[in-house]
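J.: Build me a structure from this.
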Amino acid sequence: MMINKKPINFRAQNGLALISVLLIFAIVAVLAGSMIERQGLDIQRSANLQALQQARAYSNGIEYAVRVGLQLDYENTEDVDHLLEEWAQERTFPLSPGMAYIKIFDAQARFNLNSLHPSASNSAEQLKRFKYLLAELGLDESIASNTASFMNEESQSDDDYLSAEVPYRASYSLFKHPSELLLVNLVDADGYRLLMPYISTLPITAQLNVNTASNIVLSSLSSDFSIDEANAVISERGEDGFSAVSDFWSLSEISAFTTNSSDEDDETSKDLWDKADFSVNSEYFEVFAKVELADRIATVEMLIYRNAETGEMRTYYRDFSRTEARVPATSSQNNSNSDSNP
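T.: Sure thing, here's the model as predicted:
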(Lines give C-alpha, C1' and ligand atoms only; values in the text may rest on other atoms or scores of the structure.)
Protein backbone atom coordinates (compact mmCIF):
# COMPACT_ATOMS: atom_id res chain seq x y z
CA MET A 1 0.00 0.00 0.00
CA MET A 2 1.36 3.32 -1.06
CA ILE A 3 1.23 6.40 1.27
CA ASN A 4 1.29 9.81 -0.35
CA LYS A 5 3.37 12.34 1.59
CA LYS A 6 3.18 16.06 1.07
CA PRO A 7 6.54 17.65 0.50
CA ILE A 8 7.66 19.74 3.48
CA ASN A 9 7.65 23.49 2.74
CA PHE A 10 10.82 24.56 4.52
CA ARG A 11 10.47 28.08 3.15
CA ALA A 12 7.12 28.57 4.96
CA GLN A 13 8.55 27.22 8.20
CA ASN A 14 11.51 29.59 7.93
CA GLY A 15 9.11 32.50 7.46
CA LEU A 16 7.12 31.51 10.56
CA ALA A 17 10.30 31.20 12.63
CA LEU A 18 11.43 34.62 11.43
CA ILE A 19 8.10 36.17 12.42
CA SER A 20 8.35 34.51 15.86
CA VAL A 21 11.87 35.85 16.37
CA LEU A 22 10.82 39.35 15.28
CA LEU A 23 7.83 39.21 17.63
CA ILE A 24 10.09 38.17 20.51
CA PHE A 25 12.53 40.99 19.69
CA ALA A 26 9.63 43.48 19.55
CA ILE A 27 8.36 42.38 22.95
CA VAL A 28 11.88 42.56 24.39
CA ALA A 29 12.34 46.03 22.87
CA VAL A 30 9.05 47.26 24.39
CA LEU A 31 9.96 45.81 27.78
CA ALA A 32 13.45 47.28 27.60
CA GLY A 33 12.05 50.69 26.65
CA SER A 34 9.56 50.54 29.51
CA MET A 35 12.33 49.54 31.94
CA ILE A 36 14.58 52.36 30.73
CA GLU A 37 11.72 54.88 31.03
CA ARG A 38 10.84 53.64 34.53
CA GLN A 39 14.49 53.69 35.52
CA GLY A 40 14.77 57.26 34.22
CA LEU A 41 11.73 58.29 36.26
CA ASP A 42 13.14 56.57 39.34
CA ILE A 43 16.46 58.35 38.87
CA GLN A 44 14.68 61.71 38.42
CA ARG A 45 12.46 61.03 41.43
CA SER A 46 15.48 60.11 43.53
CA ALA A 47 17.32 63.24 42.37
CA ASN A 48 14.30 65.43 43.22
CA LEU A 49 13.92 63.78 46.62
CA GLN A 50 17.62 64.19 47.30
CA ALA A 51 17.50 67.87 46.29
CA LEU A 52 14.42 68.44 48.47
CA GLN A 53 16.03 66.67 51.44
CA GLN A 54 19.17 68.72 50.93
CA ALA A 55 17.10 71.89 50.79
CA ARG A 56 15.36 70.83 54.01
CA ALA A 57 18.75 70.22 55.60
CA TYR A 58 19.80 73.75 54.61
CA SER A 59 16.60 75.18 56.12
CA ASN A 60 17.27 73.29 59.36
CA GLY A 61 20.79 74.67 59.37
CA ILE A 62 19.38 78.18 58.93
CA GLU A 63 17.57 77.82 62.26
CA TYR A 64 20.85 77.26 64.07
CA ALA A 65 22.50 80.13 62.17
CA VAL A 66 19.65 82.46 63.19
CA ARG A 67 20.03 81.40 66.81
CA VAL A 68 23.72 82.27 66.67
CA GLY A 69 22.90 85.68 65.18
CA LEU A 70 20.29 86.42 67.83
CA GLN A 71 22.72 85.34 70.54
CA LEU A 72 25.37 87.74 69.21
CA ASP A 73 22.77 90.52 69.10
CA TYR A 74 21.82 89.78 72.70
CA GLU A 75 25.44 89.95 73.80
CA ASN A 76 25.96 93.28 72.02
CA THR A 77 22.72 95.11 72.94
CA GLU A 78 20.44 93.09 75.17
CA ASP A 79 18.34 96.07 76.26
CA VAL A 80 17.32 97.45 72.87
CA ASP A 81 16.08 95.91 69.61
CA HIS A 82 15.40 98.04 66.54
CA LEU A 83 15.02 97.63 62.78
CA LEU A 84 18.54 98.66 61.78
CA GLU A 85 20.24 95.91 63.76
CA GLU A 86 21.88 93.02 61.91
CA TRP A 87 19.14 90.52 62.76
CA ALA A 88 16.51 92.66 60.99
CA GLN A 89 18.32 92.78 57.65
CA GLU A 90 17.13 90.59 54.79
CA ARG A 91 19.81 88.07 53.75
CA THR A 92 20.39 86.07 50.56
CA PHE A 93 23.13 83.45 50.30
CA PRO A 94 24.23 81.68 47.08
CA LEU A 95 24.12 77.89 46.93
CA SER A 96 25.30 75.50 44.24
CA PRO A 97 22.98 75.55 42.38
CA GLY A 98 20.43 77.84 44.02
CA MET A 99 20.07 80.31 46.85
CA ALA A 100 18.92 80.70 50.45
CA TYR A 101 16.78 83.62 51.61
CA ILE A 102 16.39 84.57 55.28
CA LYS A 103 14.24 87.27 56.87
CA ILE A 104 13.72 87.80 60.60
CA PHE A 105 10.74 89.76 61.91
CA ASP A 106 10.08 91.04 65.40
CA ALA A 107 6.90 89.24 66.46
CA GLN A 108 6.44 91.86 69.20
CA ALA A 109 6.07 94.54 66.54
CA ARG A 110 2.59 93.18 65.81
CA PHE A 111 -0.77 93.03 67.52
CA ASN A 112 -0.89 90.00 69.82
CA LEU A 113 -4.18 88.16 69.24
CA ASN A 114 -3.83 86.40 72.59
CA SER A 115 -4.17 89.73 74.37
CA LEU A 116 -7.91 89.34 73.64
CA HIS A 117 -8.13 86.30 75.91
CA PRO A 118 -10.22 86.94 79.05
CA SER A 119 -7.22 86.09 81.24
CA ALA A 120 -5.33 89.13 79.89
CA SER A 121 -5.39 92.04 82.33
CA ASN A 122 -6.15 94.61 79.62
CA SER A 123 -8.26 92.55 77.21
CA ALA A 124 -10.94 95.27 76.96
CA GLU A 125 -8.38 97.86 75.83
CA GLN A 126 -6.78 95.39 73.42
CA LEU A 127 -10.18 94.62 71.93
CA LYS A 128 -10.57 98.29 71.01
CA ARG A 129 -7.09 98.34 69.52
CA PHE A 130 -7.82 95.31 67.36
CA LYS A 131 -10.94 97.06 66.10
CA TYR A 132 -8.85 100.11 65.19
CA LEU A 133 -6.38 97.86 63.34
CA LEU A 134 -9.18 96.21 61.39
CA ALA A 135 -10.66 99.60 60.52
CA GLU A 136 -7.24 100.84 59.38
CA LEU A 137 -7.03 97.90 56.98
CA GLY A 138 -10.60 98.31 55.77
CA LEU A 139 -11.86 95.09 57.40
CA ASP A 140 -15.02 94.42 59.40
CA GLU A 141 -14.52 95.54 63.01
CA SER A 142 -16.85 92.76 64.18
CA ILE A 143 -13.95 90.36 63.62
CA ALA A 144 -12.44 91.67 66.86
CA SER A 145 -15.48 90.78 68.97
CA ASN A 146 -15.80 87.42 67.21
CA THR A 147 -12.16 86.62 67.97
CA ALA A 148 -12.56 87.52 71.63
CA SER A 149 -15.69 85.35 71.84
CA PHE A 150 -13.89 82.47 70.11
CA MET A 151 -11.39 82.52 73.00
CA ASN A 152 -13.87 83.09 75.82
CA GLU A 153 -15.76 80.03 77.08
CA GLU A 154 -18.35 82.25 78.74
CA SER A 155 -19.39 83.58 75.34
CA GLN A 156 -20.94 80.20 74.44
CA SER A 157 -20.41 80.95 70.76
CA ASP A 158 -20.40 77.29 69.63
CA ASP A 159 -23.77 77.71 67.91
CA ASP A 160 -22.16 80.08 65.43
CA TYR A 161 -19.78 77.32 64.29
CA LEU A 162 -21.77 74.11 64.78
CA SER A 163 -24.20 75.32 62.10
CA ALA A 164 -21.41 75.61 59.52
CA GLU A 165 -21.31 73.29 56.49
CA VAL A 166 -18.42 71.50 58.22
CA PRO A 167 -19.30 72.00 61.90
CA TYR A 168 -16.67 72.66 64.55
CA ARG A 169 -16.46 74.23 67.99
CA ALA A 170 -14.81 77.42 69.21
CA SER A 171 -11.43 76.75 70.83
CA TYR A 172 -11.97 78.81 74.00
CA SER A 173 -8.20 78.92 74.39
CA LEU A 174 -5.12 80.89 73.42
CA PHE A 175 -4.09 80.77 69.77
CA LYS A 176 -0.96 78.79 68.93
CA HIS A 177 -0.60 80.17 65.39
CA PRO A 178 -2.09 83.21 63.58
CA SER A 179 -3.74 80.92 61.01
CA GLU A 180 -6.27 79.91 63.69
CA LEU A 181 -7.90 83.28 63.01
CA LEU A 182 -9.32 81.71 59.82
CA LEU A 183 -11.68 79.71 62.05
CA VAL A 184 -13.31 82.89 63.34
CA ASN A 185 -16.56 84.14 61.81
CA LEU A 186 -16.19 86.86 59.11
CA VAL A 187 -12.48 86.07 58.52
CA ASP A 188 -11.86 84.97 54.93
CA ALA A 189 -8.64 84.23 53.06
CA ASP A 190 -8.33 87.76 51.62
CA GLY A 191 -8.86 89.42 54.98
CA TYR A 192 -6.39 87.06 56.62
CA ARG A 193 -3.73 87.90 54.03
CA LEU A 194 -4.17 91.59 54.84
CA LEU A 195 -3.91 90.95 58.56
CA MET A 196 -1.01 88.47 58.54
CA PRO A 197 1.85 91.04 58.64
CA TYR A 198 0.27 92.82 61.62
CA ILE A 199 -0.73 89.99 63.97
CA SER A 200 1.06 87.47 66.16
CA THR A 201 0.12 84.82 68.72
CA LEU A 202 2.35 85.29 71.75
CA PRO A 203 1.93 84.84 75.51
CA ILE A 204 -0.48 87.42 76.93
CA THR A 205 2.38 89.11 78.81
CA ALA A 206 4.29 89.97 75.61
CA GLN A 207 4.70 93.74 75.16
CA LEU A 208 4.62 95.83 72.00
CA ASN A 209 8.13 96.88 70.95
CA VAL A 210 7.80 100.55 70.00
CA ASN A 211 11.19 100.42 68.27
CA THR A 212 9.97 97.96 65.64
CA ALA A 213 6.20 98.49 65.40
CA SER A 214 4.96 99.74 62.03
CA ASN A 215 2.95 102.92 61.59
CA ILE A 216 -0.19 100.80 61.02
CA VAL A 217 0.22 99.04 64.37
CA LEU A 218 1.13 102.24 66.22
CA SER A 219 -1.85 104.12 64.82
CA SER A 220 -4.16 101.32 65.98
CA LEU A 221 -3.29 102.10 69.61
CA SER A 222 -6.12 104.64 69.60
CA SER A 223 -8.81 105.91 67.27
CA ASP A 224 -7.43 109.40 67.97
CA PHE A 225 -3.88 108.47 66.95
CA SER A 226 -3.37 109.02 63.24
CA ILE A 227 -0.96 107.53 60.72
CA ASP A 228 0.79 110.91 60.48
CA GLU A 229 1.34 110.96 64.24
CA ALA A 230 2.58 107.37 64.10
CA ASN A 231 5.03 108.35 61.35
CA ALA A 232 6.20 111.23 63.53
CA VAL A 233 6.90 108.79 66.38
CA ILE A 234 8.86 106.57 63.99
CA SER A 235 10.93 109.58 62.92
CA GLU A 236 11.57 110.45 66.57
CA ARG A 237 12.90 106.98 67.38
CA GLY A 238 15.55 107.44 64.69
CA GLU A 239 18.03 104.82 63.49
CA ASP A 240 18.99 103.54 66.93
CA GLY A 241 15.51 103.40 68.40
CA PHE A 242 14.39 104.51 71.84
CA SER A 243 16.81 103.48 74.55
CA ALA A 244 13.99 103.20 77.10
CA VAL A 245 10.17 103.23 77.16
CA SER A 246 10.37 106.55 79.03
CA ASP A 247 11.82 108.15 75.87
CA PHE A 248 8.77 107.04 73.93
CA TRP A 249 6.52 108.07 76.82
CA SER A 250 7.83 111.64 76.80
CA LEU A 251 7.04 112.34 73.12
CA SER A 252 4.68 115.22 72.50
CA GLU A 253 2.77 113.13 69.93
CA ILE A 254 1.55 110.73 72.61
CA SER A 255 1.35 113.02 75.64
CA ALA A 256 -2.45 113.11 75.33
CA PHE A 257 -2.48 109.35 75.96
CA THR A 258 0.01 109.27 78.83
CA THR A 259 -1.07 112.12 81.13
CA ASN A 260 -4.39 112.94 82.76
CA SER A 261 -6.32 115.89 81.41
CA SER A 262 -6.26 118.94 83.68
CA ASP A 263 -10.00 119.27 83.21
CA GLU A 264 -11.77 116.20 84.62
CA ASP A 265 -14.95 117.20 82.77
CA ASP A 266 -13.19 117.50 79.43
CA GLU A 267 -15.24 115.34 77.05
CA THR A 268 -12.34 115.19 74.59
CA SER A 269 -10.03 113.45 77.07
CA LYS A 270 -8.64 110.21 75.72
CA ASP A 271 -8.15 106.78 77.24
CA LEU A 272 -4.77 106.60 78.93
CA TRP A 273 -2.24 104.01 77.79
CA ASP A 274 -0.58 101.64 80.22
CA LYS A 275 3.19 101.96 80.15
CA ALA A 276 3.49 98.26 80.98
CA ASP A 277 2.09 97.42 77.52
CA PHE A 278 5.24 98.68 75.80
CA SER A 279 8.93 97.80 75.57
CA VAL A 280 12.03 98.70 73.56
CA ASN A 281 13.37 95.15 73.24
CA SER A 282 11.93 91.81 72.19
CA GLU A 283 11.90 88.14 73.12
CA TYR A 284 9.96 86.68 70.20
CA PHE A 285 11.27 86.59 66.64
CA GLU A 286 9.61 85.16 63.55
CA VAL A 287 11.98 83.68 60.98
CA PHE A 288 11.11 82.94 57.37
CA ALA A 289 13.58 80.97 55.27
CA LYS A 290 13.36 79.81 51.66
CA VAL A 291 15.91 77.49 50.06
CA GLU A 292 15.97 76.96 46.29
CA LEU A 293 18.18 74.06 45.26
CA ALA A 294 18.24 72.31 41.86
CA ASP A 295 14.74 73.57 41.04
CA ARG A 296 13.45 72.31 44.41
CA ILE A 297 12.11 74.76 47.00
CA ALA A 298 11.91 74.25 50.77
CA THR A 299 10.44 76.87 53.12
CA VAL A 300 10.02 77.16 56.85
CA GLU A 301 8.56 79.72 59.22
CA MET A 302 9.71 79.59 62.85
CA LEU A 303 8.90 81.45 66.04
CA ILE A 304 11.98 81.69 68.24
CA TYR A 305 11.90 82.81 71.86
CA ARG A 306 14.97 84.51 73.34
CA ASN A 307 14.89 85.00 77.09
CA ALA A 308 15.47 88.68 77.90
CA GLU A 309 17.39 87.86 81.10
CA THR A 310 19.54 84.89 80.10
CA GLY A 311 19.59 84.97 76.28
CA GLU A 312 18.59 81.30 76.18
CA MET A 313 16.49 80.34 73.15
CA ARG A 314 13.90 77.79 72.12
CA THR A 315 11.70 77.32 69.07
CA TYR A 316 7.95 77.61 69.66
CA TYR A 317 6.82 76.23 66.29
CA ARG A 318 7.94 75.40 62.76
CA ASP A 319 5.53 75.86 59.86
CA PHE A 320 6.58 74.21 56.59
CA SER A 321 3.42 75.23 54.71
CA ARG A 322 4.24 78.89 54.14
CA THR A 323 5.47 79.91 50.70
CA GLU A 324 6.22 83.60 51.33
CA ALA A 325 7.21 85.80 54.26
CA ARG A 326 4.49 87.72 56.10
CA VAL A 327 5.29 91.22 54.89
CA PRO A 328 2.87 94.16 54.46
CA ALA A 329 1.25 94.70 51.08
CA THR A 330 3.16 97.98 50.65
CA SER A 331 6.46 99.03 52.15
CA SER A 332 4.99 102.37 53.23
CA GLN A 333 2.96 100.52 55.84
CA ASN A 334 6.05 98.99 57.34
CA ASN A 335 8.13 101.87 58.53
CA SER A 336 9.08 105.35 57.42
CA ASN A 337 12.69 104.10 57.60
CA SER A 338 11.84 101.06 55.46
CA ASP A 339 14.00 102.06 52.48
CA SER A 340 16.82 100.01 53.96
CA ASN A 341 14.46 97.46 55.53
CA PRO A 342 12.27 95.89 52.83
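J.: Can you show me the strands along the stretch 201-342 of the chain?
T.: 208-209, 278-279, 284-293, 296-306, 313-319 (DSSP state E, counting those that start in this stretch).
J.: Throw the ones you listed into TSV and include mean neighbour count and distance to residue 234, thanks.
T.: Any C-beta I mention is one placed from the backbone N, CA and C, and that applies to glycine too. Converted to TSV, the strands of the stretch 201-342 of the chain look like this (neighbours: other CB atoms under 10 Å; distance: least, CB to CB, whole Å):
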stretch	mean neighbour count	distance to residue 234
strand 208-209	24	13
strand 278-279	22	14
strand 284-293	23	20
strand 296-306	20	24
strand 313-319	14	28
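J.: Let me know how buried the closest residue to residue 167 other than its chain neighbours is, in neighbour terms.
T.: Using CB to CB, 6 or more residues apart in numbering and skipping the chain neighbours, the partner closest in space to residue 167 is residue 161 (6.6 Å). A count of neighbours around residue 161, defined by other CB atoms under 10 Å, yields 17.
J.: ditto for residue 116
T.: Around residue 116 there are 25 residues (other CB under 10 Å).
J.: repeat for residue 255
T.: Around residue 255 there are 10 residues (other CB under 10 Å).
J.: how about the helices of this structure, start to end?
T.: Assigned by DSSP state H, the helices in the chain fall at 10-76, 123-136, 142-151, 159-162, 189-195, 215-219, 227-237, 245-249, 255-258.
J.: Ok, which of those helices comes nearest residue 283?
T.: Proximity to residue 283 (CB to CB) singles out helix 10-76 among the helices of the chain, at 10.1 Å.
J.: Just name whatever secondary elements that closest one is in contact with.
T.: strand 98-106, strand 284-293, strand 296-306, strand 313-319 (3 or more CB pairs under 8 Å, 6 or more residues apart in numbering; DSSP states H and E).
J.: Just tell me which of those strands ends up closest to residue 211.
T.: strand 98-106 (8.3 Å).
J.: hang on, the earlier thing: what's near enough to touch the residue nearest to residue 167?
T.: The neighbours of residue 161, taking CB atoms under 8 Å, 6 or more residues apart in numbering as the test, are 167, 168, 169, 170, 183, 185.
J.: ok so, going back, okay if I get the strands of the stretch 201-342 of the chain as a markdown table plus mean pLDDT?
T.: Formatted as a markdown table, those follow (pLDDT from 0 to 100):
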| stretch | mean pLDDT |
| --- | --- |
| strand 208-209 | 98 |
| strand 278-279 | 97 |
| strand 284-293 | 92 |
| strand 296-306 | 91 |
| strand 313-319 | 92 |
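J.: Tabulate those strands (JSON lines), appending distance to residue 128.
T.: Output for the strands of the stretch 201-342 of the chain, formatted as JSON lines (distance: least, CB to CB, whole Å):
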{"stretch": "strand 208-209", "distance to residue 128": "14"}
{"stretch": "strand 278-279", "distance to residue 128": "16"}
{"stretch": "strand 284-293", "distance to residue 128": "23"}
{"stretch": "strand 296-306", "distance to residue 128": "26"}
{"stretch": "strand 313-319", "distance to residue 128": "27"}
